[in-house]
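1. got a predicted model here, sequence first, then my questions.
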Amino acid sequence: DISTDLHVWNKEKVFYCLFGRPTASRLGLASFCYNKHKQNSLIHFSYSTSDNDKIHFEIDKLFAYDTNAIINVGSFLEKLPLTISHTKNYTAFDGYDYNDRLTTFYKDILIDIVVESHVSGNTFFPTEKIFRPMLLKKPFIAFASKNFLCYLRQMGFRTFHDFWNEDYDGYEGKDRYKKICKLIDQISKKSKEDLEKMYWDMTYSLDHNYNLLQD
């Protein structure tokens with residue numbers, strides 16, 4: 001059960017980056033938000049840069065996405081692990097704990113920046129990462145495989161093209177990454193009043209996704 005106390009936005013932050021494994025897209029988007037939109041972002045990145053973990057960092061792939069992203073990620077790496085909770089297995093497939101503190105932070109944020117586990121090729125593999133914001137009644141921006149949002153809509157879920165440009169869904173890899181960064185910039189320019197109105201206007205879609213997932 002999800003507490004209805006979490007189905008709110010208290011206007012503390014706009015974006016939520018809740019990441020573990022340091023894939024190129026997660027490193028790029030988290031460091032982008034940290035360096036350019038830090039005041040509007042809540043970031044949890046649990047990996048450290050210890051010798052044992054360095055092998056998992058997809059720095060070379062991020063460089064292929066965007067050369068300029070390396071500047072952002074360079075200073076961001078010094079901050080890792082960047083944590084707001086001590087939970088290590090917050091995405092455990094054998095039972096995500098929705099009472100965990102990382103979940104309670106959803107009342108502070110408006111948009112969940114989701115980076116799925118499988119993000120390229122002919123695949124559609126939604127995980128708890130995309131369903132978590134649905135259960136918390138929050139909109140999302142999804143870095144995933146091409147047409148991921150289209151397939152979600154085929155399942156009956158609603159996405160958010162009425163509120164911002166979702167043309168990024170027609171791309172994968174570096175093109176999807178650059179379009180999402182541009183979208184984050186565009187949303188960040190909106191006033192808190194405009195964002196609050198947008199949040200209330202999308203209530204129908206958020207309720208719809210929650211109810212469909214429950215069913």
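-> Here it is on my side, so go on. As the structure is a computational prediction, the values presented were derived from the model and not from experiment.
2. state the distance from Arg158 to Lys197.
-> Per Cβ to Cβ, to the nearest Å, Arg158 is found 18 Å from Lys197. From N, CA and C alone the C-beta is placed, and that goes for glycine too.
3. same drill for those two, tell me which one is more crowded.
-> Using other Cβ atoms under 10 Å as the criterion, Arg158 and Lys197 rank with Arg158 on top: 19 against 12.
4. which residues touch that one?
-> Applying Cβ atoms under 8 Å, 6 or more residues apart in numbering to Arg158 gives the contacts Ser205, His208, Asn209.
5. closest one to Tyr106 out of the residues you listed, please.
-> Closest approach to Tyr106 among those (Cβ to Cβ): Asn209, at 13.9 Å.
6. residues near the closest one, how many?
-> Per other Cβ under 10 Å, the neighbour tally for Asn209 reads 24.
7. which residue is the nearest non-sequential neighbour of it?
-> Counting by Cβ to Cβ, 6 or more residues apart in numbering, Asn209 lies nearest to Met134, which is 4.3 Å off, once chain neighbours are set aside.
8. which residues does the one helix or strand that neighbour maps to contact?
-> Per DSSP states H and E: Met134 is located in helix 128-135. When contacts are defined by Cβ under 8 Å, 6+ apart, helix 128-135 is touched by residues 2, 91, 93, 96, 98, 103, 106, 112, 114-117, 139-140, 142, 144, 152, 157, 206, 209-210, 213.
9. in helices only, show me these.
-> Cross-referencing these against helices under DSSP state H gives Thr103, Leu152, Leu206, Asn209, Tyr210, Leu213.
10. grab the two from the residues you listed that are most spread out in space.
-> Longest span within the ones in helices among the contacts of helix 128-135, Cβ to Cβ: Thr103 and Leu152, 21.1 Å.
11. before we move on, the earlier item: which among the contacts of helix 128-135 end up buried?
-> The neighbour-count test (16 or more other Cβ atoms under 10 Å) marks 2, 91, 96, 98, 103, 106, 112, 114-116, 139-140, 142, 144, 152, 157, 206, 209-210 as buried among the contacts of helix 128-135.
12. from Val115, how far out is the nearest residue to Leu152 once chain neighbours are set aside?
-> Counting by Cβ to Cβ, 6+ apart, the nearest residue to Leu152 once its immediate chain neighbours are dropped is Thr159, at 6.2 Å. In this view, Thr159 and Val115 are 16 Å apart by Cβ to Cβ.
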